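Novice: Predicted coordinates and the sequence they were generated for:
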Amino acid sequence: MYYKVVMILKMGFEKGVELMQTNYVITIGRQFGSGGRKIAKKVADMLEIEFYDKSLIALAAKESGLSENLFDGIDEKPTNSLLYSLVMGLQSDRGNFYRYGDVLNSDSIFRIQSQVIQDLVKNKSCVVVGRCSDYVLRENKNTVNVFIHADEEFKLERVMRIYKQSEKEALDTMKKTDKKRGNYYNFYTNQEWGNVTNYDIALNSACLGIDDTAKIICDFVKTRFVK
């Protein structure tokens with residue numbers, strides 16, 4: 001039996017998504033510098049499924065009929081929904097969003113993006129990075145929720161190398177980015193960002209590296225969904 005399962009998983013890597021009998025989605029939350037986005041992209045490539053990260057903003061803009069420029073600088077910044085909407089004169093009705101003075105608040109963006117994510121997973125398998133997607137898809141049974149974290153030394157080295165920052169700058173970037181992501185997630189989900197109970201898998205990418213971390217996620221997904 002064990003041998004049979006191993007062979008099925010091995011075949012799965014060769015045949016990509018052919019063994020899957022249903023559409024599924026992998027959501028990936030990540031600490032800044034952990035390589036979470038790169039891991040997510042590798043997972044999507046290995047499973048031969050779609051990959052969505054900030055491209056969701058472009059999709060959201062297209063779906064809402066608003067200029068994508070209105071989304072710049074406001075994404076992942078929580079606001080007080082009632083107060084902000086009253087001040088800005090924003091209303092929503094069955095997915096149609098209105099703006100006053102070319103201002104769109106982050107609560108409206110969150111609702112638009114959430115609807116886009118829900119629509120995407122209806123018709124195709126995909127990997128979604130961030131955007132509280134684990135919470136947005138909490139009613140979807142065919143979802144695997146992953147959180148990628150890493151040791152500070154591992155993250156620091158990557159941030160310094162990729163963004164050409166000094167150690168001090170990199171530490172500051174890591175701290176501020178994770179704080180922003182955590183605040184955004186906590187605000188909209190009423191859950192704790194990075195709490196392992198919110199995810200199916202929490203992996204330390206510093207232990208095995210980017211490639212092998214991606215393989216572990218693929219193994220998990222294929223074991224769960226192979227028929």
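Specialist: Alright, I've got the coordinates. This structure is a prediction, so every number in the text was calculated from the model and none was measured.

Novice: what about Lys122, neighbour count?
Specialist: Number of residues near Lys122 (other CB atoms under 10 Å) recorded here: 9. (Each C-beta comes from the backbone N, C-alpha and C, glycine too.)

Novice: Would you mind giving the secondary structure of the closest residue to it other than its chain neighbours?
Specialist: Nearest residue to Lys122, sequence neighbours excluded (CB to CB, 6 or more residues apart in numbering): Asn23, at 7.5 Å. Per DSSP: H, G, I helix; E, B strand; the rest coil, the local secondary structure of Asn23 is coil.

Novice: Tell me if I'm right that Asn23 and Asn142 touch.
Specialist: Yes: Asn23 lies in contact with Asn142 (CB atoms under 8 Å); the separation is 6.5 Å.

Novice: In terms of neighbours, single out the busier of the two.
Specialist: Each of Asn23 and Asn142 has its neighbours counted (other CB under 10 Å); Asn23 has more, 17 against 14.

Novice: picking up where we left off before, common neighbours of Asn23 and Asn142, please.
Specialist: The overlap between the contact sets of Asn23 and Asn142 (CB atoms under 8 Å, 6 or more residues apart in numbering) consists of Val121.

Novice: pLDDT weak spots in this structure?
Specialist: 1-21, 70-105, 227 (pLDDT under 70).

Novice: Buried ones in the top helix by length along it, by neighbour count?
Specialist: Longest helix in the chain by number of residues (criterion: DSSP state H): helix 167-189. Applying a neighbour-count criterion of 16 or more other CB atoms under 10 Å, the buried positions in helix 167-189 are 170-171, 173-174, 178, 181, 184-188.

Novice: So what's the gap between it and the chain middle?
Specialist: On the basis of CA atoms, centre = their mean, to the nearest Å, helix 167-189 is displaced by 15 Å from the centre of the chain it belongs to.

Novice: sorry, back to before: and the buried residues of helix 167-189 as TSV, adding distance to Ala61?
Specialist: As requested, these are exported to TSV (distance: CB to CB, whole Å):
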residue	distance to Ala61
Ala170	31
Leu171	33
Thr173	26
Met174	29
Asp178	26
Arg181	21
Tyr184	19
Tyr185	22
Asn186	25
Phe187	22
Tyr188	19
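
Novice: Only the buried residues of stretch 204-220, if you could.
Specialist: Buried-residue list, stretch 204-220, by 16+ other CB under 10 Å: 205-206, 210, 213-218, 220.

Novice: Stretch 119-136 too?
Specialist: Buried residues in stretch 119-136 (16+ other CB under 10 Å): 120-121, 125-136.

Novice: out of those residues, which one sits closest to Ile201?
Specialist: Asp134 (11.2 Å; CB to CB).
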